[in-house]
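**Q** Predicted model and sequence follow; I will ask about them next.
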Amino acid sequence: MLVVGIDPDTKKHGVAVVKDGIIQQLHTLGNKSLIELLTDLARQHQLRIKMEDINAFKPVIHRPGQSRNQMMKIAQNIGAVKYAAELLVHELATAGFSVEMVLPLQGARSGKRYKSEAFNRLTGWNGKSNADNRDAAMIALYGQPKGGISGIFAGYRDWE
């Protein structure tokens, strides 16, 4: 079985393909290319697709030091990503794929926390990566609907 992690974004999504806990591929893909990749993979493998549940993010609250305009821009960006994620889930369902929505990863489990060198040491990945596909890899490896901590992060509590 392959696990595909998706970190949704407005134009292109971070995508990771993992087999037996080892990252096989990292991509940054639009909806059409993502569906083509999944269709190709599904011809030879059973897929488990995990996607970060953007709707689980808390509403934007004013942060000290940021202006109202900055906070409005953040809120607009989050709204745009939520809409893009909804569209992607719909397109994946239309293409025959089911998606497991997982809680956003935080702290030690978030791929955005790591620069590429640290991510490579942690995961064994040797190729290039960006924050979005690193996060997708962590979603594929460790994303869970609710509760339960597994893998190398069982001892971490800073993300709760």
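**A** Great, that's in hand. Numbers count the residues shown, from 1 in each chain.

**Q** In this model Pro8 seems to touch Ala85, though I could be wrong.
**A** Yes. With contact defined as CB atoms under 8 Å, Ala85 reaches Pro8; the gap is 3.9 Å. (Glycine included, C-beta is placed from N, CA and C.)

**Q** where along this structure do the strands fall?
**A** 2-7, 13-19, 22-29, 47-52, 99-102 (DSSP state E).

**Q** Strand partners (parallel or antiparallel) of the third one?
**A** Sheet partners assigned to strand 22-29 using DSSP bridges are listed as strand 13-19 (antiparallel).

**Q** In this structure, what residue spans correspond to helices?
**A** Secondary structure of the chain by DSSP state H: the helices cover 31-42, 68-94, 116-123, 131-142.

**Q** want to try JSON lines for those, with distance to Val3 as columns?
**A** Converted to JSON lines, the helices of the chain look like this (distance: least, CB to CB, whole Å):
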{"stretch": "helix 31-42", "distance to Val3": "11"}
{"stretch": "helix 68-94", "distance to Val3": "15"}
{"stretch": "helix 116-123", "distance to Val3": "13"}
{"stretch": "helix 131-142", "distance to Val3": "5"}
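
**Q** Ile22: which of the ones you listed is closest?
**A** Comparison of the helices of the chain against Ile22 by CB to CB identifies helix 116-123 as nearest, at 8.4 Å.
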